[in-house]
Every structure is written in C-alpha cells, then in structure tokens.
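J.: Give me a model of this one.
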Amino acid sequence: MKKTPRILLVEDEPDHVILIRWQLKSIFGDGVQVQVAGDGRQALELLQGEDPPDLILLDLRLPEIDGFQVLEQLQKKNGRIPVIILTSSERQSDIQRARSLGALAVISKIEMGRDLELTIKAILTKGKLKNREA
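T.: The predicted structure is shown next:
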C-alpha cells in the first residue's frame, strides 16, 4: 500500500499557503495530506491531538505565537516531529536559533521551489518522516 505523509503547514499568508500546497502537490501528487494552521496558537492546538503530523512546515513570523515559540513548545512536548522552517528572514541569528530549537532545515521563501522539494525528499529518504498508510 502507498503511504501518505501528513504535513502541517503553519503559514499566515494566504498566497504562500496556495504556493506551498501547489509545490507539495507537485512533489507528491494526490499522495499527501496537508493541514493548515494560520498562526502559532492554532498550530499548537492542532498538535495537541493524538495523531501528530509526520512533518511540519513552519513560518517564523506568525501572529500571536511566532515560529520560535512553536519550536520551543514542540521541543518540550514532542521533539520527534521533523520541522522545516520556511522564512523570508535571511538573518543568520534567526537561522541559528531555529536550528538550535530543533529545525532540521531552514529554507528561504525567496528561493523555496527546488529547495523545498529536495529537503522533503531527503527527509523521506533518511526515514525521518513517519509515513502512515493511506
């Protein structure tokens, strides 16, 4: 049976949500489940469920609770969920902080296209993404 990854996309910009969903569809076809949280608070609420996602795509600049705070909470509760940061920030301090809080990768939204695909495929190949059966 084909396995279907479940991805939580945490992004507050509707245009970015559309673009990222399109990119995920180009990577997986219809073989992916994407749930969207529009801010950090909503993301943390969704992550309280019993069935966590296989991967989180997380923006750093979010309303209410930012991506750094989401990473901190994840680290306290369940640091096993792989996280890829998608950000428009190119500040080295932001990148280093995200990595120190457990992010596996930090990808610039400006150059996201191919980088996102390669990073997701690398995580899948290394077995860091816990797939679920469709």
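
J.: The spatially closest residue to Thr87 that is not a sequence neighbour: how many residues sit nearby?
T.: Setting aside the residues directly before and after it, Thr87 is nearest to Leu60 in space (C-beta to C-beta, 6 or more residues apart in numbering), at 4.5 Å. C-beta here means a position set from N, CA and C on the backbone, and glycine is covered the same way. Per other C-beta atoms under 10 Å, the neighbour tally for Leu60 reads 24.

J.: Over to Ser26?
T.: 11.

J.: Under a three-state scheme, what state does the residue nearest to it when sequence neighbours are not counted occupy?
T.: Nearest non-adjacent residue to Ser26, counting by C-beta to C-beta, 6+ apart: Glu117, 7.5 Å away. Using DSSP: H, G, I helix; E, B strand; the rest coil, the structure places Glu117 in helix.

J.: pretty sure Glu117 is in contact with Ile27, am I right?
T.: Yes - using C-beta atoms under 8 Å, Glu117 is in contact with Ile27, at 5.2 Å.

J.: so the residue nearest to Thr87 sits right up against Ser89, yeah?
T.: Yes - using C-beta under 8 Å, Leu60 makes contact with Ser89 at a distance of 6.0 Å.

J.: picking up where we left off before, how far away is the residue nearest to Thr87 from Asp15?
T.: Per C-beta to C-beta, to the nearest Å, Leu60 is found 17 Å from Asp15.

J.: go on, Lys77?
T.: 30 Å.

J.: More neighbours: those two, which one.
T.: More crowded of Lys77 and Asp15, by other C-beta under 10 Å: Lys77, with 13 against 8.

J.: Might you report the residue contacts of the more buried one?
T.: Leu47 (C-beta atoms under 8 Å, 6 or more residues apart in numbering).

J.: Tell me, what's the model's pLDDT at it?
T.: In this model, Lys77 is scored at 79, pLDDT.

J.: what does the one 3 residues further on give?
T.: The pLDDT attached to Arg80 in the predicted structure is 82.

J.: Can you verify my assumption that Asp12 contacts Leu62?
T.: Yes - here Asp12 reaches Leu62: they are 5.4 Å apart, a contact under C-beta under 8 Å.
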